[in-house]
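In: model the following, please.
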Amino acid sequence: METTVDLNLLRTFVVVYRARNITRAAETLHLSQPAVSHAIRRLREHFDDPLFVRTRAGVTPTRLAATIYADVNGAVSQLMVSTREGRRFDPATSTRRFRLALTDLGEAGLLPRILEATGSAGSGIQIETVPLDIETVAQYVLSSDVDAAIGSSAVPGPVNQEILFHDRYGCLVPEDLDAPDGVVTVDDLRRLPEVRVGPSAGHRKITEAVATLGAGILSDTPHVEVNRFTSLPRIVALCGFFAIVPVDAFTRLIPGLEGTKLLELPFESPRTGVHLISHRDTAASAAHAWFLDTIRTALAGD
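Out: Below is the predicted model of the structure:
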């Protein structure tokens, strides 16, 4: 068996692994289906493993294929980007597709401004968003599955992280709750049930506030935990819950907040830095560097 593997074969392997379909992979690679099948057959011989098992929907990777993908994906993806664009990148003519990990708050409040900034180049540049999961985002950035991410917590892992701007937290309550001074009372926080966005969205400052500033006031465990911020206003308005939310981002998400209102917390409002997360080797790609600079410019001054 050969001791080395052709990089073109590994490139094909990565695309097939992501697509889970030989035909779609061939379209992505601009190759014929037989050419892709031949490449996978050579890799099967090299690794002495089926690598992909046919299913009705396409192919499913074997356990060894998953291990190989984890080992080679980042390096191969970075090589693919560098080969395609190198250090020359013209946003006015490029049709490159960038992938950006965001929460629903980010999609509603930040994405329109990023789209305006990228669109101002007058090109065919495309943006695809994927849901942000704070536990896995560093892995996706390192493997080049996403080009960048924006989240409200720092993440573990060898990635670049910079604070774009700061936000603070307040309390979303039913509109008819009595609060003449604009501050929710401790008694109301103890009386009302809480709905909280789960930790995958990255707003760990909420949990920290519960454990420290709100100790003895807020419960360690909320009555209801949801995945997205967009569901909070109706739950609060219709069910009489309260929710701790990032003030600036949340008011941008749902102007008016019908049936609810935002109040100050009865303890020091936590502040959070909104982070831009990216690969440490972005200098290797002029396209990545341009994309990150465009995000910084679009969100400057928040």
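In: please count neighbours and contacts with C-alpha atoms only from this point.
Out: OK.
In: what count of nearby residues applies to the nearest residue to Pro199 once chain neighbours are set aside?
Out: Of all residues not flanking Pro199 in the chain, Ile134 sits nearest, at 7.6 Å (Cα to Cα, 6 or more residues apart in numbering). Ile134: 25 surrounding residues under other Cα atoms under 10 Å.
In: mind checking the SS state of Ile134?
Out: coil (DSSP: H, G, I helix; E, B strand; the rest coil).
In: how's this protein carved up into domains?
Out: 7-85, 97-164+274-299, 166-270 (automatic domain parsing).
In: low-confidence ranges in the stretch 151-300 of the chain?
Out: 201-216, 253-257, 282-284 (pLDDT under 70).
In: got the residue ranges for the strands in it?
Out: Using DSSP state E, counting those that start in this stretch, the strands found in the stretch 151-300 of the chain span residues 160-174, 195-197, 224-226, 243-246, 260-263, 271-278.
In: Asp71 - that's part of a helix, no?
Out: Yes: under three-state DSSP, Asp71 sits within a helix.
In: neighbours of it, just the number please.
Out: With other Cα under 10 Å as criterion, Asp71 counts 12.
In: hmm, back to that, phi and psi next, for the residue nearest to Pro199.
Out: Main-chain dihedrals, Ile134, degrees, to the nearest 10: phi -60, psi -20.
In: and what of Phe89?
Out: phi -150, psi 130.
In: pretty sure it is in contact with Ala289, am I right?
Out: No: if you go by Cα atoms under 8 Å, Phe89 and Ala289 don't touch, sitting 9.6 Å apart.
In: now do the helices in the chain.
Out: Using DSSP state H, the helices of the chain run over 7-19, 22-29, 33-47, 63-85, 104-109, 111-119, 137-142, 186-191, 204-211, 232-239, 247-253, 286-299.
In: may I see the buried residues of the first one?
Out: I take that to be helix 7-19. For helix 7-19, the neighbour count (16 or more other Cα atoms under 10 Å) marks Leu9, Leu10, Arg11, Thr12, Phe13, Val14, Val15, Val16, Tyr17, Ala19 as buried.
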